[in-house]
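> Sequence plus predicted model, see below.
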Amino acid sequence: MKTFLIEFIQSILDSMRDLAPIVVVVAFFQWGVLRQPMPNLGEILYGTVMVVLGLTLFIRGLEMGLFPIGEAMAHGFARKGSLAWLLAFSFALGFSTTVAEPALIAIADEAAKVAAEGGVIANSEAARTGYASGLRFTVALSVGMAIMIGVVRIIRGWPIQWFIIVGYIAVVIMTAFAPPEIIGIAYDSGGVTTSTVTVPLVTALGVGLASSIKGRNPMTDGFGLIAIASLMPMVFVMAYGMIRT
Amino acid sequence: MIQFLTELVHAILATMRDVLPIAVILFGFQVFVLRRPIANIRRVLLGFGFVLLGLTLFLDGLDAALFPLGRLMAEQLTNPEFIGSTGAWSDYGWVYAFAAAIGFATTVAEPALIAVAIKANQVSGGTVGVWGLRVAVAIGVAFGIALGAFRIVTGTPLHWYIIAGYIVVIVQTAFAPRSIVALAYDTGGVTTSTVTVPLVAALGLGLASTIPGRSPLLDGFGLIAFASLFPIISVMGYAQLSEWRTRRVRRGENVVKSENRGYQVERRP
């Protein structure tokens, strides 16, 4: 009990250290640069306490729940030896975690507004909703495929840089042909797709696979799933923009 | 108190809705395909509970405290009255400073990045430091967002910056220690999630809507792309720097070759 308490206090202190930079930046700009008093200080203090507690619990849960299950499943699939099931799992994990991602929903709605104002689609509620959900499914599909490709890469031990370079070339070529109003959104969609719960799971899956397959190095082969998952949506979203015009 | 509790329950339900599809897939495959009991199932479930509750409190707290204030500050800093602008890019000094500072600070607090750093530290046997990696990533994000703000102010096309960044990444890949490459690429996608995206998007939209000649819909996007490209460069740079320092120390002390310090170049046969 006593050691648990000490550990808990230690992790609270760690979380406070993680959040200190934000507090310093906000305070400096509010008082030093904008020269304004801090609005509703009570709210801010309350929110900061919640953030510290939340971060502490999240990290604890990460080490107890998300990491072990990600690795256990990677070992389980490696032992089972069925590539088809592993790929099905990878696709399902990528697709399902992306399609409901709040950041993606927000960006898809913005994109529909841009398209409507640019005259690409009719400026009606129905047309915008259709465009936005089409975009969301496109991104989710691309993330599912990206995790699949990434898993095959880990199994075969292919170097990550070839995938990234090919992806970059694809992005550059697509940029030349895609309608200009989709480019900013496409580039941003790469960064927003991987959420806070997906990242630890996917990382644990990759590292677990690489460490249970003989001849693979978890450091060089285990990482890289997220990199492919944030590159593929850029290409797919630009393709979507081209098809919809 | 009762109001607070109902709010908390609502927030937890909202987070559960986001996490539910993941849980269904994990447990579905575990039960129907792998058909193996999960080791320490109670501990894992408790961990899931912690993640759920932690994420809820974290997001709720950010919504209550940091996001409104951060958005307000982004608006005030980009306000033409504060800038007193003649329209020259050099009038926006405080905007660049804020962009860099908030990019750095939010990245350090990003839970997904903490997760990857912990894993990288375990896998590398301690050679990749949790704190070192996070600071390297945060420096990349800070530079990226400041440059992205500069792009919005000047109105130069986004894709030239990104293509130039790609070329730097490819050149660096050829020289960086092999063990860091995959991790460096991953940090690009990890940096921008819960904490960074809302604040950075507010900054971009604020800038694009106050500067004459910019459209918030066309120019407001793109900051996240900068924030996910530059960490790749800074992490590889950090690895190259530590490798170079290690080599210099080794030469100076004339120590035996087998000693590892910092990053080690791994070559597979």
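Cool, got the structure. Numbers count the residues shown, from 1 in each chain, chains lettered A, B, ... in the order given.
> For the nearest residue to A:G47 once chain neighbours are set aside, which residues are in contact?
Nearest non-adjacent residue to A:G47, counting by C-beta to C-beta, 6 or more residues apart in numbering or on different chains: B:A65, 2.5 Å away. The way it works is simple: take the backbone N, C-alpha and C, and place the C-beta from them, glycine included. Contacts for B:A65 (C-beta atoms under 8 Å, 6 or more residues apart in numbering or on different chains) come out as A:E43, A:I44, A:L45, A:Y46, A:G47, A:T48, A:M50, A:V51.
> how much space is there between B:A65 and B:V197?
17 Å (C-beta to C-beta, to the nearest Å).
> How much space separates B:W94 from chain A?
From B:W94 over to chain A the distance is 6 Å, taken as C-beta to the nearest C-beta, to the nearest Å.
> correction: B:L72
Distance, B:L72 to chain A, using C-beta to the nearest C-beta: 8 Å.
> For that residue, report the pLDDT, please.
According to the prediction, B:L72 has pLDDT 81.
> Counting neighbours, what do you get for it?
By other C-beta atoms under 10 Å in any protein chain shown, the residues close to B:L72 number 16.
> Give the helix, strand or coil label for the residue lying closest to it once chain neighbours are set aside.
Counting by C-beta to C-beta, 6+ apart, B:L72 lies nearest to A:P39, which is 7.7 Å off, once chain neighbours are set aside. Here A:P39 takes the coil state, with states given by DSSP: H, G, I helix; E, B strand; the rest coil.
> Would you confirm that A:P39 contacts B:Q76?
No: counting by C-beta atoms under 8 Å, A:P39 sits too far from B:Q76 to count as a contact (11.5 Å).
> Of these two, give the one with the bigger neighbour count.
For A:P39 versus B:Q76, neighbours defined as other C-beta under 10 Å are more numerous around B:Q76 (17 against 11).
> any idea how far A:T56 is from that one?
32 Å.
> what does A:F95 give?
Taking C-beta to C-beta as the measure, A:F95 falls 31 Å from A:T56.
> ok, these two, which is more surrounded?
Taking neighbours as other C-beta under 10 Å, A:F95 and A:T56 compare with A:T56 leading, 24 against 21.
> which ones are touching the more buried one?
Going by C-beta under 8 Å, 6+ apart, the list of residues near A:T56 reads A:F8, A:S11, A:I12, A:D14, A:S15, B:G54.
> Give me the buried entries from those residues.
With burial judged by 16 or more other C-beta atoms under 10 Å in any protein chain shown, the buried subset of those is A:S11, A:D14, A:S15, B:G54.
> Just the pLDDT for the second one.
Looking back up the chat, that one is A:D14. Per-residue pLDDT puts A:D14 at 88.
> in what helix or strand does it lie?
Using DSSP states H and E, A:D14 falls within helix A:2-27.
> and if you look at the last one?
Assigning secondary structure by DSSP H and E places B:G54 in helix B:41-61.
> what does the helix or strand following that helix contact?
Scanning forward in sequence from helix B:41-61 by DSSP H and E, the next helix or strand is helix B:67-78. Applying C-beta under 8 Å, 6+ apart, the external contacts of helix B:67-78 come out as A:26, A:29-30, A:33-34, A:36, A:38-39, A:44, B:82-83, B:94-95, B:98, B:102, B:198-199, B:202-203, B:206-207, B:210-211.
> Can I get helix B:67-78 in CSV, CA atoms only?
Provided in CSV are the C-alpha atoms of helix B:67-78 (Å, rounded to 0.1, in the frame of the first residue of the first chain):
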residue,chain,number,x,y,z
PHE,B,67,-8.6,25.3,-24.9
PRO,B,68,-10.8,28.4,-24.4
LEU,B,69,-7.8,30.4,-23.2
GLY,B,70,-5.5,29.1,-25.9
ARG,B,71,-8.1,30.0,-28.6
LEU,B,72,-8.7,33.4,-27.1
MET,B,73,-4.9,34.1,-27.1
ALA,B,74,-4.5,33.0,-30.7
GLU,B,75,-7.3,35.4,-31.6
GLN,B,76,-5.9,38.2,-29.7
LEU,B,77,-2.3,37.7,-31.0
THR,B,78,-3.5,37.6,-34.6
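> next structured bit after that helix?
helix B:80-83.
> buried stuff in stretch A:206-222?
Within stretch A:206-222, the residues scored as buried using 16+ other C-beta under 10 Å are A:206-213, A:216-222.
> now stretch A:187-207
For stretch A:187-207, burial by neighbour count (16+ other C-beta under 10 Å) applies to A:187-207.
> and the longest helix for the chain?
No chain specified, so I'll use chain A. Longest helix in chain A, counting residues (DSSP state H): helix A:125-156.
> if you could check chain B rather than the one you did, that'd help
Longest helix of chain B, by residue count under DSSP H: helix B:223-253.
> by contact count, what packs against that one?
helix A:180-192, helix B:93-108, helix B:130-154, helix B:158-175, helix B:178-190, helix B:196-210 (3 or more C-beta pairs under 8 Å, 6 or more residues apart in numbering or on different chains; DSSP states H and E).
> Could I get those helices in a markdown table, plus columns for mean pLDDT and distance to A:I164?
Shown next, in a markdown table, are these (pLDDT from 0 to 100; distance: least, C-beta to C-beta, whole Å):
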| stretch | mean pLDDT | distance to A:I164 |
| --- | --- | --- |
| helix A:180-192 | 82 | 12 |
| helix B:93-108 | 90 | 21 |
| helix B:130-154 | 92 | 16 |
| helix B:158-175 | 92 | 8 |
| helix B:178-190 | 90 | 6 |
| helix B:196-210 | 79 | 22 |
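> residue contacts, the spatially most central residue of chain B?
Nearest to the geometric centre of chain B sits B:T191, at 1.4 Å (C-alpha atoms, centre = their mean). By C-beta under 8 Å, 6+ apart, the contact list for B:T191 reads A:G191, B:T107, B:E110, B:L113, B:V137, B:G140, B:V141, B:A227, B:S228, B:P231.
> How much space separates the closest residue to chain A within the stretch 51-200 of chain B from A:R35?
Chain A sits closest to B:A65 of the stretch 51-200 of chain B, with a gap of 2.5 Å, by C-beta to the nearest C-beta. To A:R35, B:A65 is 21 Å away according to C-beta to C-beta.
> I'd like to know how many residues surround residue 52.
I'll assume chain A. 22.
> please go with chain B instead
Using other C-beta under 10 Å, B:L52 has 21 neighbouring residues.
> Looking at it now. What's its pLDDT?
Note on B:L52: pLDDT of 88.
> Could you pull up phi and psi at the residue nearest to the spatial centre of chain A?
By C-alpha atoms, centre = their mean, chain A has its centre lying nearest to A:T194, at 0.8 Å. Note on A:T194: backbone dihedrals following degrees, to the nearest 10 are phi -100, psi 110.
> how about residue 144, what does it touch?
Let's take chain A. By C-beta under 8 Å, 6+ apart, the contact set of A:G144 is A:S90, A:F91, A:A92, A:L93, A:G94, A:F95, A:T98.
> my bad, the chain I had in mind was chain B
Shown in contact with B:G144 (C-beta under 8 Å, 6+ apart): B:G103, B:F226, B:A227, B:S228, B:L229, B:F230, B:P231.
> Now it: closest residue in space that isn't a chain neighbour?
In space, and not counting its chain neighbours, B:G144 is closest to B:F230: 3.3 Å by C-beta to C-beta, 6+ apart.
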